[in-house]
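[1] the following comprises the amino acid sequence and a computationally predicted model.
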Amino acid sequence: MKNLRVQQIGFTLIEVLVAIALLMIVLVTFMDYQFAALKIAQQSYFQIIAAEQLQGLVMLLRAFPDNNTAVIQSWKSEVSRQLPDFQFDLSGDGNPFAAAIFWRAREMSTWRCDDPVQLNRSCFMLRMTT
């Protein structure tokens, strides 16, 4: 009698697992793969643009360390040319994406590889942007 009870529980468990697997197959079939692919491509595009803008801004800040206003204006015009709906605000109330690029580039423009504290990833990144 005990074996019969164990078998019934086992069969019930198998039936539940099969039902869950079938449900997952149905859900996966109804997913919109084109929409997911478009989102991934869009995210990759923004990452590429961010890397290019970061590199460009670091070089501009290094070339003109005393003229931050002109550097920022030049960078903003380049960003708005590549991404027309790109808003930039230094206060951080605008596009946080642009503000993050700006502040990261500003920080990177002050790195020095002869400093023993920064002989790590910072200098590797610094060499990549020069």
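    Received the coordinates, thanks. Numbering: from 1, shown residues only.
[2] so, low pLDDT: which residues of this structure?
    Scanning the chain for pLDDT under 70 picks out the ranges 1-4, 6-7, 9-10, 27-50, 53, 78-130.
[3] if you set the cut-off to 50 instead, what comes out?
    Scanning the chain for pLDDT under 50 picks out 84-92, 118, 121, 126, 129-130.
[4] domain-wise, how is it divided?
    Domain segmentation of the chain under automatic domain parsing yields 1-31, 39-129.
[5] do you know how far residue 51 is from residue 71?
    As judged by CB to CB, to the nearest Å, residue 51 and residue 71 stand 18 Å apart. (Each C-beta comes from the backbone N, C-alpha and C, glycine too.)
[6] more neighbours: those two, which one.
    Of the pair residue 51 and residue 71, residue 71 is the one with more neighbours under other CB atoms under 10 Å, namely 22 against 13.
[7] look up the closest residue to that one, ignoring the ones flanking it.
    residue 60 (4.6 Å; CB to CB, 6 or more residues apart in numbering).
[8] and the one you found, what element?
    Assessed by DSSP states H and E, residue 60 sits inside helix 33-63.
[9] what about stretch 61-68, start to end distance?
    End-to-end span of stretch 61-68 (CA to CA, to the nearest Å): 7 Å.
[10] same check, this time on stretch 55-75
    Rule used - CA to CA; the end-to-end distance of stretch 55-75 is 11 Å.
[11] and that stretch, what's buried?
    Buried residues in stretch 55-75, defined by neighbour count with 16 or more other CB atoms under 10 Å: 55-58, 60-62, 71-72, 75.
[12] in CSV: those residues, plus distance to residue 8.
    What follows is the buried residues of stretch 55-75, written out as CSV (distance: CB to CB, whole Å):
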residue, distance to residue 8
55, 66
56, 69
57, 68
58, 68
60, 73
61, 72
62, 74
71, 75
72, 73
75, 70
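[13] farthest-apart pair in these, please.
    The most widely separated members of the buried residues of stretch 55-75 are 55 and 72, with 16.1 Å between them, by CB to CB.
[14] that older thread, thinking the residue nearest to residue 71 is in contact with residue 77, fair?
    No: in this structure residue 60 lies outside contact range of residue 77 using CB atoms under 8 Å: 11.6 Å.
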